[in-house]
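A.B. asks: structural data only, the sequence is not supplied:
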């Protein structure tokens, strides 16, 4: 296990903060009369949600076989990304490192916090060149490295993730929003070994709850305490917490839906082989494909004419469009239009 002292990376003013604590959430009562929070006595959702997310953290703990004290719940992974930057990065001083291309919001939230954003260019297979990584970290000393795997928008899982955690003098955030679609192991199993590691997962993708905005962070107890110190008191609403909790009780439904998506991914991949306008389909470990077309702009607007919405990745990735896996009827619509181009 690494002996990194996490405190050295935390902003001094954050270390001095005292967290907001809801008295009712940290004490046990049998049948309390709630007159402490200026709530209305009427309404189905008249009470504030649990600020400590005890129920859902316990459920996730049992599912993932990890202590609930090493789990934080956020208003989507976006909130967690924002909080992590605020905890560790001094505005106008520290920098963050991210892959390029990758999920744009890492740079977005860093810029809001007035931190510079360093971009690690991926190779032609969308992998990290280890020498480039070592050079950029040695020269610039970034405070946080955001490593998205499987990566968005490329779809591939990054190889040898442990190398980057071990060789980074700062906080490594492995964003596993698409991990359920991959046969690669989660970085969660590396948490005991590396106290500078944070793993993000979400209910938005495989769990089918993008509208609920529920993200999860796994980290050392020390880092989780910091997240609960700086987060808003009631950051995840009752409706979303209840929905996520119910989903965790229906694991079979989750597994069936996941298998359907994986089966459709295989079906689509086969269908793409017969599409003349496609130049290359990149390997994917996610619920989407990055596809290089002969004329991506033409394809994008032809699909749009048929009200099929896709994600334009060019000019950053030349002639490429990102297309996620849908239901069979949606996937057939896509293929039918592509065959006419």
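C.D. replies: Okay, I see it. All values derive from a computational prediction rather than experimental measurement.

A.B. asks: where exactly do the strands run in this protein?
C.D. replies: Under the criterion DSSP state E, strands of the chain are mapped to 71-74, 95-100, 116-121, 144-148, 171-175, 197-202, 215-218, 278-281, 288-293, 311-312, 320-324.

A.B. asks: now render the ones you listed as JSON lines, adding mean neighbour count.
C.D. replies: From N, CA and C alone the C-beta is placed, and that goes for glycine too. Compiled in JSON lines, the strands of the chain are given as follows (neighbours: other Cβ atoms under 10 Å):
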{"stretch": "strand 71-74", "mean neighbour count": "26"}
{"stretch": "strand 95-100", "mean neighbour count": "22"}
{"stretch": "strand 116-121", "mean neighbour count": "16"}
{"stretch": "strand 144-148", "mean neighbour count": "26"}
{"stretch": "strand 171-175", "mean neighbour count": "26"}
{"stretch": "strand 197-202", "mean neighbour count": "26"}
{"stretch": "strand 215-218", "mean neighbour count": "23"}
{"stretch": "strand 278-281", "mean neighbour count": "16"}
{"stretch": "strand 288-293", "mean neighbour count": "22"}
{"stretch": "strand 311-312", "mean neighbour count": "15"}
{"stretch": "strand 320-324", "mean neighbour count": "21"}
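
A.B. asks: can I get the ones you listed in CSV with distance to residue 228 and mean pLDDT?
C.D. replies: Converted to CSV, the strands of the chain look like this (distance: least, Cβ to Cβ, whole Å; pLDDT from 0 to 100):
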stretch, distance to residue 228, mean pLDDT
strand 71-74, 6, 98
strand 95-100, 22, 98
strand 116-121, 26, 98
strand 144-148, 19, 98
strand 171-175, 17, 98
strand 197-202, 14, 98
strand 215-218, 10, 98
strand 278-281, 42, 98
strand 288-293, 32, 98
strand 311-312, 34, 98
strand 320-324, 33, 98
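
A.B. asks: redo the ones you listed as a markdown table? Include distance to residue 238.
C.D. replies: What follows is those, written out as a markdown table (distance: least, Cβ to Cβ, whole Å):
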| stretch | distance to residue 238 |
| --- | --- |
| strand 71-74 | 13 |
| strand 95-100 | 33 |
| strand 116-121 | 35 |
| strand 144-148 | 30 |
| strand 171-175 | 26 |
| strand 197-202 | 19 |
| strand 215-218 | 17 |
| strand 278-281 | 42 |
| strand 288-293 | 31 |
| strand 311-312 | 32 |
| strand 320-324 | 29 |
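
A.B. asks: domain parsing for the chain?
C.D. replies: If you go by automatic domain parsing, the domain ranges for the chain are 12-249, 252-338.

A.B. asks: pick the most buried one from the ones you listed.
C.D. replies: Stretch with highest mean neighbour count among the domains of the chain: domain 12-249 (a mean of 18; mean count of other Cβ atoms under 10 Å).

A.B. asks: mind checking how far that one is from the chain centre?
C.D. replies: 7 Å (Cα atoms, centre = their mean, to the nearest Å).

A.B. asks: end to end, how far does it reach?
C.D. replies: 41 Å (Cα to Cα, to the nearest Å).

A.B. asks: same list (the domains of the chain) but as CSV, adding distance to residue 6.
C.D. replies: CSV is the format used below for these (distance: least, Cβ to Cβ, whole Å):
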stretch, distance to residue 6
domain 12-249, 5
domain 252-338, 30
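
A.B. asks: thinking residue 74 is in contact with residue 219, fair?
C.D. replies: No. Using Cβ atoms under 8 Å, residue 74 is not in contact with residue 219, being 12.0 Å away.

A.B. asks: now for the two: what residues contact both?
C.D. replies: By Cβ atoms under 8 Å, 6 or more residues apart in numbering, residue 74 and residue 219 have these common neighbours: residue 227.

A.B. asks: contact partners for residue 214?
C.D. replies: 73, 74, 75, 76, 202, 203, 204, 236, 240, 241, 243, 244 are the contacts of residue 214 under Cβ under 8 Å, 6+ apart.

A.B. asks: what about the helices in the stretch 101-250 of the chain?
C.D. replies: Ranges of helices in the stretch 101-250 of the chain, per DSSP state H, counting those that start in this stretch, are 105-112, 130-140, 161-166, 221-230, 238-249.

A.B. asks: out of those helices, nearest to residue 212?
C.D. replies: helix 238-249 (4.1 Å; Cβ to Cβ).

A.B. asks: what's next to that closest one, contact-wise?
C.D. replies: Here helix 238-249 has contacts from 45, 47, 49-50, 53, 55-56, 59-60, 63, 73, 75, 203, 207-209, 212-214, 253-254, using Cβ under 8 Å, 6+ apart.

A.B. asks: quick one: average pLDDT of it?
C.D. replies: Helix 238-249 carries an average pLDDT of 97.

A.B. asks: stretch 10-30 now?
C.D. replies: 93.

A.B. asks: from the opening residue of it to its closing one, how far?
C.D. replies: End to end - Cα to Cα - stretch 10-30 spans 39 Å.
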